[in-house]
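Colleague: structure of the sequence below:
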Amino acid sequence: MGTLLVARHGETTWNRDGRVQGWAPSRLTDDGRRQAAALGAWLDDRYDVDRVLASDLARTRDTAAEARGAADGLPDPSYDADWRERGFGTLQGLFAEELLGEFPDHDPEASVISLDADPENGESVRAFRGRIERAWERSISTTGGGETTLVVTHGGVIKVLLGKLTDRDPDAALAEGSQDNCAVNEIRLDGGPELVGEELTGWRDLLE
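Modeller: Next up, the predicted model:
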């Protein structure tokens, strides 16, 4: 059966500091690199991955590279800008508290990814969802029966996909907190997409 594995990138300096990342070139922390390497070794042991796709942003490129370096069976990744996080334009780099000061009507308990605004040089929620839908349709159409594709992407992207797969309200799904860094979601494609594993973190057992 065809399988799609969707993993979040490793911890970045901006994750740690609570900054809005968007498309900014934030880099992995030392912990993030260890997470990515453990992820690669765990995937190599558990799955037969035929193809690796990744967002073309620095933190996903770094995660894919660290995972590949720790695994014999992971192919070299291909990069696709449609798997990027939501673009926040001029808001990138702000601390979450600063962003809430700019948009006081936004629910402070909701993720900043769900901000109902069209940031300068950024993306609206509608444009972001449309881009992820394109990436999703392209990936499932090119993953044949018996093949496994790994996608290394971002927290906001995963919220959009999980909302779609579980028939949750899309706005509510986007407002939820992000999964842990390097969490994996397993989606079975044959017979219609089905989420069979959510926020898998078995790789943690391999951390030094």
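Colleague: can you tell me, leaving aside adjacent residues, what's nearest to the residue nearest the centre of the chain?
Modeller: Against the mean C-alpha coordinate of the chain, by Cα atoms, centre = their mean, the closest residue is His154 at 2.3 Å. Computed as Cβ to Cβ, 6 or more residues apart in numbering, the closest residue to His154 that is not its neighbour in sequence is Glu85, at 3.8 Å. For glycine as for every other residue, the C-beta is placed from the backbone atoms N, C-alpha and C.
Colleague: how about the secondary structure of the one you found?
Modeller: coil (DSSP: H, G, I helix; E, B strand; the rest coil).
Colleague: for the lowest-mean-pLDDT helix or strand in the chain, list every residue counted as buried.
Modeller: Least confident helix or strand, the chain: helix 96-102 with a mean of 87, by mean pLDDT, DSSP states H and E. Residues 99-100 are the ones in helix 96-102 that count as buried (16 or more other Cβ atoms under 10 Å).
Colleague: now do stretch 143-155
Modeller: Buried residues in stretch 143-155 (16+ other Cβ under 10 Å): 143, 147-155.
Colleague: quick revisit: return the residues in contact with the residue nearest to the centre of the chain.
Modeller: 8-9, 55, 57, 60, 83-85 (Cβ atoms under 8 Å, 6 or more residues apart in numbering).
Colleague: any idea how many residues pack against the residue nearest to His154?
Modeller: 25 (other Cβ atoms under 10 Å).
Colleague: hang on, the earlier thing: show me what the helix or strand following the least confident helix or strand of the chain is packed up against.
Modeller: Sequence-wise, the next helix or strand downstream of helix 96-102 (DSSP states H and E) is helix 125-141. Packing partners of helix 125-141 (3 or more Cβ pairs under 8 Å, 6 or more residues apart in numbering; DSSP states H and E): helix 155-165.
Colleague: so His9 is in contact with Thr63, correct?
Modeller: Yes - with contacts counted by Cβ atoms under 8 Å, His9 reaches Thr63, the gap being 4.2 Å.
Colleague: common neighbours of those two, please.
Modeller: 28, 32, 36, 152, 182.
Colleague: can I get those residues in CSV with distance to Val160, pLDDT and secondary structure?
Modeller: Formatted as CSV, these follow (distance: Cβ to Cβ, whole Å; pLDDT from 0 to 100; DSSP: H, G, I helix; E, B strand; the rest coil):
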residue, distance to Val160, pLDDT, secondary structure
Leu28, 23, 98, strand
Gly32, 22, 98, helix
Ala36, 22, 98, helix
Val152, 16, 98, strand
Cys182, 19, 98, coil
